[in-house]
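> I'll drop the sequence and a predicted model, then ask my questions.
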Amino acid sequence: MNSKRIKVLYAVICLLFLATMSTGCKQKEKIFNDLSDLNDSKVSIGMWSGVSQEEATRKYFPKAKPVIAVDSIPMTMASLRINKFDAVLTQKVFYDALPDKRGLKILGKELEDTRYGFFFAKNEKGKKLRDQMNEFIVKANKSGLRKQLEDIWLGENPKGRPIGKGSDDPDAEELVYGIEYETIPFGYVENKTCIGFDADYAECFCREYGYRLKIVGLPYSMIAIGDESGEYDFAGGGLMLEDILYETKVVSQPHLHSPFVVVIKDHQNEITSNFSLKDSLKRTFIEDNRWEMYLEGLLNTIFITLTSALMGTILGVIVYVIAINTGKWFRNIVKIIFTILHITPVVVLLLIFYHIIFSSVEISSLTVSIILFSLIMCGTIYDLTTVSVDTVDNGQYEAAIALGYSQLQAYLKVIMPQALRHFIPLYKNVLVELIMGTAIVGYIAVPDLSKVADIIRTRTFDAFVPLFSAAVIYIILALMLIWFVNMIYRKTTLNKIKNRQTIFID
């Protein structure tokens, strides 16, 4: 290693050291004694995304800097603990559900009330269910059922219970209930099952009116538009009934109310650093059999990756062979389609495929993911094949034709084996990118490895082990896939070259 490289290496190490030291510098803690202290341009207020939170922040703290934490309520609170912002605006029902409130406290009085209810499909059936739910909400309030469910699911020590399936009649109509599954205590996942206050409330409703219940966990983004795409008959999970929703959606009357509160750090009761890797691993993998969720996520990630890689590779080669045997018009059409696939963000494509292209087709989220990634892989393989073939001297093709090979035989027996030497290194990088790209399928409720890690960290209130575990698994998967491709390449192409089973024209 020359002296210039050594100097660069030392410079990088010094920069990393300085960055680490600056991260560890403790900032001066801000002390707040009253809500009015937060109305300052130097104060940042975190919140869960939503119109109500933003409006309340602007109303009570117009001078403060709002910070939208779009992840989840538990992780918003965790961010407050590590000083990502100075205070959190949330609902009391969420704060009460926190299993560990050490180092946190509510500042001042309770603020305005918020309402929670259910969304329904925008059709006649949805309106009928809305009317029945409104009737049931009145009954539940009078009979004491709502109070019973609150005692079971809400507060500091929720008891919880298994969620039933509604009516016991196998011939009863089945309702699909979409629940936002990262909103404790309304809806969350335990033992691969969606449970919570809203899930139990929906089950009681279905039992009362003779429906069978099918609970489907959905991210909020899907619930927000699922009433039009037919993904559910009704939905819940801590859904706030903002005024605008009554104009744009079919929604019930409120079944629960909870006031806004402001949460800050309690400096007199701060948590001392007492991280235990053993305990964190236990919470992440052992408690409630969460390892099964990781296994399911891992299998889904592997299945999507391998299926998309295989289908995309085969389809890409087929499209390339067709392109070289047809006119320029076909190549131009293919180029336009693949350019659109490559320059459009994959998340946007995924949502378009699921909510628009396949909205009226009975097809699973997993299948939609495979179709999209197969098409993206197809376009990449087409480009890689074109580039790799162009590296082979054109004289090889002309000589093969002169020896009596057909156009297809010339490509398969002469050009392709030589192009593989350029193709394989690029192909391995594409496979790694494919594995990493599948981490977005959680947007359409596919429980892949990344999504499972997200769900578990919202349950354990620990980001380190769930996320690093997912990262390690992704790295292992990528390395195994690269090793597999290298092995196949060595066992086939190189051996054929050595044994002269493939004809090369020199």
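Cool, got the structure. Numbering: from 1, shown residues only.

> Please confirm that D169 is located within a strand.
No: counting by DSSP: H, G, I helix; E, B strand; the rest coil, one finds D169 to be coil, located in no strand.

> okay, now the residue lying closest to V446 once chain neighbours are set aside: neighbour count?
The spatial neighbour of V446 that comes closest, neighbours along the chain excluded (CB to CB, 6 or more residues apart in numbering), is S365 at 4.7 Å. Heads up, the C-betas are built off the backbone N, CA and C, glycines and all. S365 is surrounded by 22 other residues when neighbours are defined as other CB atoms under 10 Å.

> if I look at S365, how far off is G379?
Taking CB to CB, to the nearest Å as the measure, S365 and G379 are separated by 22 Å.

> Same question for L89.
In terms of CB to CB, L89 sits 44 Å off from G379.

> Name the residue in those two with the higher neighbour count.
The residue with more neighbours, out of L89 and G379 and counting by other CB under 10 Å, is L89; that gives 25 against 22.

> Help me confirm that that one is found in a strand?
Yes: with the criterion set as three-state DSSP, the secondary structure at L89 is a strand.

> Can you give me every residue that contacts it?
For L89, the contact set (CB atoms under 8 Å, 6 or more residues apart in numbering) comprises I45, G46, M47, Q53, A56, T57, F260, V261, V262.

> so what's it closest to, chain neighbours aside?
Among residues not flanking L89 along the chain, M47 sits closest, at 4.7 Å (CB to CB, 6+ apart).

> which outside residues touch the helix or strand encompassing the one you found?
Secondary structure assigned from DSSP states H and E places M47 in strand 44-48. Under the criterion CB under 8 Å, 6+ apart, residues 38, 53-54, 57, 61, 64-70, 72-73, 76, 79-80, 84-90, 94, 262 lie in contact with strand 44-48.

> For the helix or strand just after that strand, give the mean pLDDT please.
Scanning forward in sequence from strand 44-48 by DSSP H and E, the next helix or strand is helix 51-60. Helix 51-60 shows a mean pLDDT of 84 in the predicted model.

> Also compute the angle for helix 51-60 relative to strand 44-48, please.
For the pair helix 51-60 and strand 44-48, the angle between their directions (axes from the mean of the first three to the mean of the last three CA atoms, to 10 degrees) equals 160 degrees.

> Parallel or antiparallel, list what pairs with the strand holding M47.
strand 65-69 (parallel), strand 87-91 (parallel) (DSSP bridges).

> Export the ones you listed as CSV, with columns for distance to G442 and mean pLDDT.
Putting the strands paired with strand 44-48 into CSV (distance: least, CB to CB, whole Å; pLDDT from 0 to 100) gives the following:
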stretch, distance to G442, mean pLDDT
strand 65-69, 18, 76
strand 87-91, 23, 92
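
> Would you mind putting the ones you listed into CSV with distance to T301 alongside?
Compiled in CSV, the strands paired with strand 44-48 are given as follows (distance: least, CB to CB, whole Å):
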stretch, distance to T301
strand 65-69, 26
strand 87-91, 32
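
> So which residues of the stretch 251-400 of the chain form strands?
256-265 (DSSP state E, counting those that start in this stretch).

> Give me the below-cutoff pLDDT ranges for it.
By pLDDT under 70, the low-scoring segments of the stretch 251-400 of the chain are 269-275.

> ok, now which ones touch G238?
Contacts of G238 (CB under 8 Å, 6+ apart): F94, Y116, E180, T183, F186, G187, D198.

> Show me those residues that map onto helices.
Using DSSP state H, the members of these that fall within helices are F94, D198.

> Was I right to think K159 contacts L149?
No: here K159 lies out of contact with L149, judged by CB atoms under 8 Å, at a distance of 10.5 Å.

> Out of the two, name the residue with the larger neighbour count.
A direct count of neighbours by other CB under 10 Å for K159 and L149 places L149 higher, at 19 against 8.

> in the host helix or strand of that one, what counts as buried?
When elements are defined using DSSP H and E, L149 is found to belong to helix 145-153. Neighbour-count burial for helix 145-153 flags L145, R146, L149, E150, W153 (criterion: 16 or more other CB atoms under 10 Å).
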